[in-house]
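Sharing a sequence plus its predicted fold:
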Amino acid sequence: MAKPKVAFYWCASCGGCEEAIVDLAEDILKVVEAVDIVFWPVAMDFKKKDVEAMEDGEIALAFINGAIRTDEQKEMVELLRRKSGLVVAFGSCAHPGGIPGLGNFHTRESILERTYRTTQSTVNPGEVLPRTVTEIDDIQLTLPKFWNTVHTLDQVIDVDYYLPGCAPPTDLIMDAVTAVLEGNLPEKGAVLAPSKTLCDTCPRSDSKPEMLRIKDLKRPQEILADPEKCFLEEGLICLGLATRSGCGERCINANMPCRGCFGPVDGAHDFGAKALSAIASLIEVDDEENTSIDEIQELLRTIADPAGLFYMYSLPSSELRRSR
Ligand code: SF4
Ligand code: SF4
């Protein structure tokens with residue numbers, strides 16, 4: 001019997017999601033035994049024309065990682081959508097926007113200016129910027145258009161399921177592949193991870209404080225955190241209150257606070273707003289009635305880069321979506 005066809009593709013991402021597939025180690029043999037990998041440009045020599053030659057819907061499952069920010073990425077994910085029965089947004093960048101989504105705090109022009117002209121390591125005497133079309137000796141060279149705004153995968157194509165994480169852990173990847181092979185999938189649109197918060201599964205939750213004294217907030221590099229205590233107890237912001245569980249408490253176990261790469265739990269759409277309100281609800285003020293706006297602003301100033309902190313992985317999927 002023919003094996004189901006599977007495709008992997010990456011868009012605006014760091015390559016970590018591709019590493020996560022390699023991290024399956026010997027389990028990848030089980031995957032290869034059960035499915036036929038028909039497209040995986042980072043590891044195998046298939047071409048776009050091979051996908052174009054397939055029937056619509058011929059690929060059973062496409063795992064697509066990375067956010068979308070160029071015309072080429074849009075064209076490729078639209079092609080894969082047409083050719084695939086199921087599309088899974090794989091990893092934080094495809095799901096709520098990920099680290100590339102922080103580009104939405106800047107404009108296309110300012111990113112190109114910084115990258116190609118003003119970084120300390122740039123040598124570009126002609127101050128040339130990338131162009132979509134360049135003519136050299138009657139030869140036309142083209143580059144895909146770089147968008148002003150980073151998009152999540154589901155802002156560009158219809159997505160069936162989401163596999164969260166930066167990168168998704170191997171057990172969740174195997175569970176997803178098994179669920180597809182066995183036809184044991186949840187409702188369309190589901191995130192293939194538990195809908196509990198990380199605090200619900202965190203071994204440090206017993207020491208989570210009822211109230212937080214924001215005047216004492218610190219950054220992770222400023223103290224050596226007690227590996228037994230909740231980070232909030234130590235004055236370090238940890239976003240486990242608003243983050244979906246399922247990562248195996250990877251950062252917590254490495255003695256680093258959670259930054260929210262698994263995105264929100266079911267029902268919470270704007271991760272940054274949810275995380276901010278969860279932290280704000282813990283903040284203790286001396287005199288609620290007489291605390292002035294100035295005092296609150298002074299307290300908020302103790303959080304370095306609040307927008308970057310609360311929207312580190314989710315700016316493109318937020319209500320804000322980008323700076324205006
Ligand atoms: S805030 Fe962080 S350290 Fe504290 S219980 Fe939640 S996930 Fe664990
Ligand atoms: S602890 Fe938070 S940031 Fe770290 S892997 Fe887990 S969900 Fe992601």
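Looks like it arrived, so ask away. Residues are numbered from 1 along each chain as shown. Ligands and ions are numbered 1, 2, ... in the order given.

got the residues of this structure near ligand 1?
Counting by Cβ under 6 Å from any ligand atom, the chain comes close to ligand 1 at 198-199, 202, 204-205, 208, 230-232, 238, 240-241, 252, 257-258. For every residue, glycine as well, the C-beta is placed using N, CA and C.

Just list the residues touching Thr149, thanks.
Arg69, Asn104, Pro316, Arg321, Arg322 (Cβ atoms under 8 Å, 6 or more residues apart in numbering).

Please apply the same query to Cys11.
By Cβ under 8 Å, 6+ apart, the residues touching Cys11 are 64-70, 73, 76-77, 93-94, 153.

about what we covered before: and the residues of the chain next to ligand 1, which of them are buried?
Those of the residues of the chain next to ligand 1 that meet the buried threshold are 198-199, 202, 204, 208, 230-232, 238, 240-241, 252, 257-258, by 16 or more other Cβ atoms under 10 Å.

Okay, and which of these map to strands?
Using DSSP state E, no member of these falls in strands.

quick one, phi/psi of the residue nearest to Ala167 when sequence neighbours are not counted?
Nearest non-adjacent residue to Ala167, counting by Cβ to Cβ, 6 or more residues apart in numbering: Ala20, 3.8 Å away. Dihedral pair for Ala20: phi -60, psi -30, per degrees, to the nearest 10.

now swap in Val32 and tell me
For Val32, the backbone dihedrals (degrees, to the nearest 10) come out as phi -60, psi -30.

Please list all residues in contact with it.
With contacts defined as Cβ under 8 Å, 6+ apart, Val32 has no neighbours.

swap in Ser318?
So Ser318 contacts Gly97, Asp270, Phe271, Gly272, Ala273, Tyr311 (Cβ under 8 Å, 6+ apart).

if I look at Ala278, how far off is Ala225?
According to Cβ to Cβ, to the nearest Å, Ala278 and Ala225 sit 20 Å apart.

my bad, Cys14
Counting by Cβ to Cβ, the gap from Cys14 to Ala225 is 26 Å.

Can you tell me the centre-most residue of this protein?
By Cα atoms, centre = their mean, the chain has its centre lying nearest to Ser92, at 1.9 Å.

just checking, that one is part of a strand?
No: under DSSP: H, G, I helix; E, B strand; the rest coil, Ser92 sits outside any strand and is assigned coil.

Could you tell me which residues of the chain lie near ligand 2?
Near ligand 2, the residues belonging to the chain are 166, 198, 243, 247, 249-252, 258-262 when assessed by Cβ under 6 Å from any ligand atom.

List buried residues within those residues.
Applying 16+ other Cβ under 10 Å to the residues of the chain next to ligand 2 flags Cys166, Leu198, Thr243, Cys247, Glu249, Cys251, Ile252, Cys258, Arg259, Gly260, Cys261, Phe262 as buried.

how about the nearest residue to Glu52 once chain neighbours are set aside, what does it touch?
Closest residue to Glu52 apart from its sequence neighbours, by Cβ to Cβ, 6+ apart: Leu79 at 6.7 Å. By Cβ under 8 Å, 6+ apart, Leu79 lies in contact with Lys48, Val51, Glu52.
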